[in-house]
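>>> Coordinates for the following, if possible.
(one chain, ligands or ions: 2)
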Amino acid sequence: MTRQVTRDKIRVIHSLGAYDVQYLRFSEAMERLPDGSVIVTDENVWSAWGGAFRAGVPVYRVPAGEGSKCLERYSAVIDALSEAAVDRSATIVAIGGGVVGDLAGFVAATYMRGIPYVQVPTSLLAQVDSSVGGKVAIDTPRGKNLIGAFYPPQAVHIACETLDTLPERQYANGMAEVWKYGFIMDAGLVEVLSRSGARDAIEGVVRRCIELKASLVQADEFDRTGKRAVLNFGHTVGHALEKVTGYEALLHGEAVAVGMAIEADLGERIGLTARGTADTVRRCLASQGLPTTHEALSRTDALIDAMRNDKKALAGVPAFSLITRVGECKLVSDIGVDDVRAVLRA
Ligand SMILES: NC(=O)c1ccc[n+]([C@@H]2O[C@H](COP(=O)([O-])OP(=O)(O)OC[C@H]3O[C@@H](n4cnc5c(N)ncnc54)[C@H](O)[C@@H]3O)[C@@H](O)[C@H]2O)c1
Ligand SMILES: [Zn+2]
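Ligands and ions are numbered 1, 2, ... in the order given. So this is what the prediction gives:
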């Protein structure tokens, strides 16, 4: 498949068509919303940006936070759409972070068997990761993203200026995924990030991340061949840590930062990762104010249990995307539990 990259947009081609990821001012993103749009957003984004939403477009607000990715909230949005007689000619517009994007996207995927939706990601994590790739989902008490679909958006409008109101901790949270792209695929990006701290260069950095994600998503739209799975560097340990700590103590990016440090250790331990790489990973993440260790790492049995039950595990054997050196990675699915235990304990 081909990918066209222009200065202002990246075209992502998928099995049902294609969509453009465009870099715009927020006001331009609003101007481009199709007629019949219905906005879904959260209370924080509404407070910060609601005044700049396109006038006259109905807005459905959900409470901020992961708790909104639930069946009850999903049901409430569906009810609101049907009460307002929204039909198949409408377009759902998700303005917010990954929570709003995943919830609104799943609503769009299922309301009347699917209506179009547009992503306007406002958190760094959503701009570099969740808004592109077509994965939409809600959680159940038994698992995160347990109900979902592959449902590509019509368009993704990225207005980097929305990051100006993003709380610092949420910014660092998104940067964890940015560093991850560098570690697995782009040593040059790691260099840029190390030099500049990247806040001034954030627009270019966001574009680069989307280019990298788009290339993997196009090569493996439905996450089946392992190409897309390399995005999981740091996530096997990170997801386990999130689960064991009850999804409260750590933000996703923070858990992934700890996971990347541990998985770099793991790679070095089994001889796959060049010596010294784990030190580099830790130094980079620490410079971003991200954690590289956590007290819950001592709960090795619970963590290993969680890894064995992870969606990505095959027959109870956890899979890892490990870096061979900064900028390159490899999927590995035959790592012994003793090695995992050893790096968690260290
Ligand atoms: N679909 C995918 O491929 C994919 C990939 C990665 C993560 N995710 C999902 O994304 C979610 C996490 O996304 P997130 O980190 O964006 O969380 P989030 O949506 O909860 O946003 C984080 C916080 O920042 C606030 N916020 C967002 N934009 C803001 C802005 N411009 N100004 C002020 N406040 C703002 C939100 O209200 C929230 O409090 C998780 O549910 C995760 O499962 C999905
Ligand atoms: Zn992630």
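>>> Please count neighbours and contacts with C-alpha atoms only from this point.
Will do.
>>> Quick check: which ranges of this structure have low pLDDT?
Within the chain, the segments meeting pLDDT under 70 span 1-7, 197-198.
>>> Arg208: what's it in contact with?
Applying Cα atoms under 8 Å, 6 or more residues apart in numbering, we find Arg208 in contact with no residue.
>>> Can you point out the helix or strand that includes it?
Assigned by DSSP states H and E, Arg208 belongs to helix 202-219.
>>> Quick check: His235 touching Val258?
No - using Cα atoms under 8 Å, His235 is not in contact with Val258, being 9.3 Å away.
>>> what about the strands in the chain?
9-14, 17-23, 37-42, 59-62, 91-96, 117-121, 135-140, 143-150, 155-158, 320-325, 328-332 (DSSP state E).
>>> Which residues of this protein lie near ligand 1?
42, 44-45, 48, 64-66, 96-100, 102, 122-123, 125-126, 129-130, 133, 135-136, 162-163, 165-166, 170 (Cα under 6 Å from any ligand atom).
>>> re the thing from before, output the strands of the chain as CSV; include the columns mean neighbour count.
CSV is the format used below for the strands of the chain (neighbours: other Cα atoms under 10 Å):
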stretch, mean neighbour count
strand 9-14, 21
strand 17-23, 18
strand 37-42, 23
strand 59-62, 19
strand 91-96, 28
strand 117-121, 29
strand 135-140, 22
strand 143-150, 15
strand 155-158, 25
strand 320-325, 25
strand 328-332, 17
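>>> Tabulate the ones you listed (JSON lines), appending distance to Ala187.
Output for these, formatted as JSON lines (distance: least, Cα to Cα, whole Å):
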{"stretch": "strand 9-14", "distance to Ala187": "21"}
{"stretch": "strand 17-23", "distance to Ala187": "24"}
{"stretch": "strand 37-42", "distance to Ala187": "35"}
{"stretch": "strand 59-62", "distance to Ala187": "39"}
{"stretch": "strand 91-96", "distance to Ala187": "30"}
{"stretch": "strand 117-121", "distance to Ala187": "26"}
{"stretch": "strand 135-140", "distance to Ala187": "27"}
{"stretch": "strand 143-150", "distance to Ala187": "30"}
{"stretch": "strand 155-158", "distance to Ala187": "24"}
{"stretch": "strand 320-325", "distance to Ala187": "9"}
{"stretch": "strand 328-332", "distance to Ala187": "8"}
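>>> Please identify which of the ones you listed is closest to Arg308.
strand 320-325 (11.4 Å; Cα to Cα).
>>> show me what contacts the nearest residue to Ile158 once chain neighbours are set aside?
Distances taken as Cα to Cα, 6 or more residues apart in numbering place Tyr23 nearest to Ile158, at 4.9 Å, with adjacent residues excluded. Each residue near Tyr23 by Cα under 8 Å, 6+ apart is listed here: Asp8, Lys9, His157, Ile158, Ala159, Cys160.
>>> what's the neighbour count on the residue lying closest to the last one once chain neighbours are set aside?
Just to be clear, that refers to Cys160. Using Cα to Cα, 6+ apart and skipping residues adjacent in sequence, the residue nearest Cys160 is Glu203, 6.3 Å away. Neighbours of Glu203 under the rule other Cα atoms under 10 Å: 15.
>>> same deal with Glu31?
By other Cα under 10 Å, neighbour count at Glu31 equals 12.
>>> do the same with Gly182
22.
>>> who's in contact with it?
With Cα under 8 Å, 6+ apart, Gly182 has these contacts: Gly188, Leu189, Val190, Val326, Gly327.
>>> any idea how far ligand 1 is from Leu212?
14 Å (Cα to the nearest ligand atom, to the nearest Å).
>>> Surely Val62 touches Asp42?
Yes - counting by Cα under 8 Å, Asp42 is a contact partner of Val62 at 4.7 Å.
>>> In contact with the nearest residue to Gly98 once chain neighbours are set aside, which residues?
Closest residue to Gly98 apart from its sequence neighbours, by Cα to Cα, 6+ apart: Ala126 at 4.9 Å. For Ala126, the contacting residues are Gly96, Gly97, Gly98, Gly101, Gly174, by Cα under 8 Å, 6+ apart.
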